[in-house]
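sequence unavailable; structure follows:
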């Protein structure tokens with residue numbers, strides 16, 4: 001049995017308008033959830049995943065924001081799936097794997113003004 005862990009960083013809108021932490025004007029602050037997933041066989045290289053919000057009692061219908069999903073495969077490779085979107089109600093998101101690194105063809109922006 002192969003085992004991987006899944007980590008996601010999420011926020012959600014308050015269930016009732018006006019119920020927000022005093023320091024926040026937006027959604028409830030981010031929380032990171034981790035899960036262990038078992039699989040009978042090696043899935044190979046992960047290119048795309050589906051994130052599905054189902055109708056369970058502990059998943060209210062209120063909007064839920066997902067920053068990213070991170071998966072650590074049994075071989076130690078970490079896959080990063082950026083989401084940066086709201087899930088409103090019960091739906092499925094398809095997320096592509098991305099590292100967030102600039103390619104060598106993209107030059108770094110040069111600062112304007114004097115260098116210190």
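Good, I have the coordinates. No experiment lies behind these values; they were computed from the predicted model shown. Numbers count the residues shown, from 1 in each chain.

how near is residue 92 to residue 62?
From residue 92 over to residue 62 the distance is 17 Å, taken as Cβ to Cβ, to the nearest Å. All C-beta spots, glycine's among them, are computed from the backbone N, C-alpha and C.

quick one, which of the two is more surrounded?
Of the pair residue 92 and residue 62, residue 62 is the one with more neighbours under other Cβ atoms under 10 Å, namely 14 against 10.

can you tell me how far that one sits from residue 89?
Distance of residue 62 to residue 89, computed by Cβ to Cβ: 9 Å.

just residue 61 next, same as before
From residue 61 to residue 89 the distance is 6 Å (Cβ to Cβ).

low-scoring stretches of this protein, by residue?
1-6, 9-30, 56-60, 99-116 (pLDDT under 70).

give me that answer again for 50
The model of the chain has pLDDT under 50 over residues 1, 16-27.

where do the strands of the protein begin and end?
Remark: strands assigned in the chain by DSSP state E are 2-12, 28-39, 48-52, 64-72, 78-87, 92-96.

now the third one against strand 64-72, angle please.
What it means is strand 48-52. Interaxial angle of strand 48-52 relative to strand 64-72 (axes from the mean of the first three to the mean of the last three Cα atoms, to 10 degrees): 140 degrees.

okay, now the sheet partners of strand 48-52, with direction.
Using DSSP bridges, the strands paired with strand 48-52 are strand 92-96 (antiparallel).

and what of the longest one?
According to DSSP bridges, strand 28-39 forms sheet pairs with strand 2-12 (antiparallel).
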